[in-house]
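Student: need a structure here:
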Amino acid sequence: MKVLWIITLLALLVSFAKDRKKTHQALKIAFKRFTCILPAFITMLILVSIALYLLPDRVIMAYLKGQGKFIGTVIAALIGSITFMPGFIAFPLCGILLKKGVPYMVLAAFSTTLMMVGVLTYPVEKAYLGTKVTVVRNLLSLLIALIVALAIGICFGEVF
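Tutor: You can find the predicted model right below:
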């Protein structure tokens, strides 16, 4: 992360050296857009926190492991769709769930929807992409995630 900050700072300094006026104007535009997106982003973080608080680990395990592979896959896809976490947290979490006996198919649905479907990011996406594109993107991502989960289930012998 520090490397990205250093690269960004160096790029900003180079831009400043090249044209101070344009750089200053670009920073004003960036700040204005940041302040516009901040309320939606904070709302999204609050919703994520509430969702994770309401879904304790034991409840997640009961639904993912104890309901059967197909129902568990659908539930995992729904949970992944409404949860917001970075990959460096999601993938180790999948490893933990795998050690607890959750099928690969269920983990594929969870991790794929977690990365591709954004129910909680809807307000932010809608602001930039519009309602139609956001809804279509999320529905296609959900469909693709379910297809990937089914393919993983077939490859690991969990379906047939």
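Student: how close does Val133 sit to Ala127?
Tutor: 11 Å (CB to CB, to the nearest Å). Bear in mind the C-beta positions are built from the backbone N, C-alpha and C, glycine included.
Student: check Leu64 too.
Tutor: Relative to Ala127, and taking CB to CB, Leu64 is found at 33 Å.
Student: those two: which is more packed in?
Tutor: Leu64 (24 against 13; other CB atoms under 10 Å).
Student: domain assignment for the protein?
Tutor: The record's domain split for the chain, according to automatic domain parsing, is 1-38, 55-155.
Student: quick one: buried residues of the first one?
Tutor: Using 16 or more other CB atoms under 10 Å as the test for burial, domain 1-38 gives Thr23.
Student: show me what contacts the closest residue to Ala26 other than its chain neighbours?
Tutor: The shortest distance from Ala26 to any non-neighbouring residue, by CB to CB, 6 or more residues apart in numbering, is to Ser15 (7.5 Å). By CB atoms under 8 Å, 6 or more residues apart in numbering, the contact set of Ser15 is 22-23, 26.
Student: that older thread, do you know which of the domains of the chain lies nearest Ile46?
Tutor: domain 55-155 (9.6 Å; CB to CB).
Student: distance from the helix or strand of the chain with the lowest mean pLDDT to the middle of the chain?
Tutor: When the helices and strands of the chain are scored by mean pLDDT, DSSP states H and E, helix 57-66 comes last with a mean of 73. Offset of helix 57-66 from its chain centre (CA atoms, centre = their mean, to the nearest Å): 20 Å.
Student: and the contacts of that helix?
Tutor: Counting by CB under 8 Å, 6+ apart, 72, 75-76, 79, 97, 100-103, 106, 110 sit against helix 57-66.
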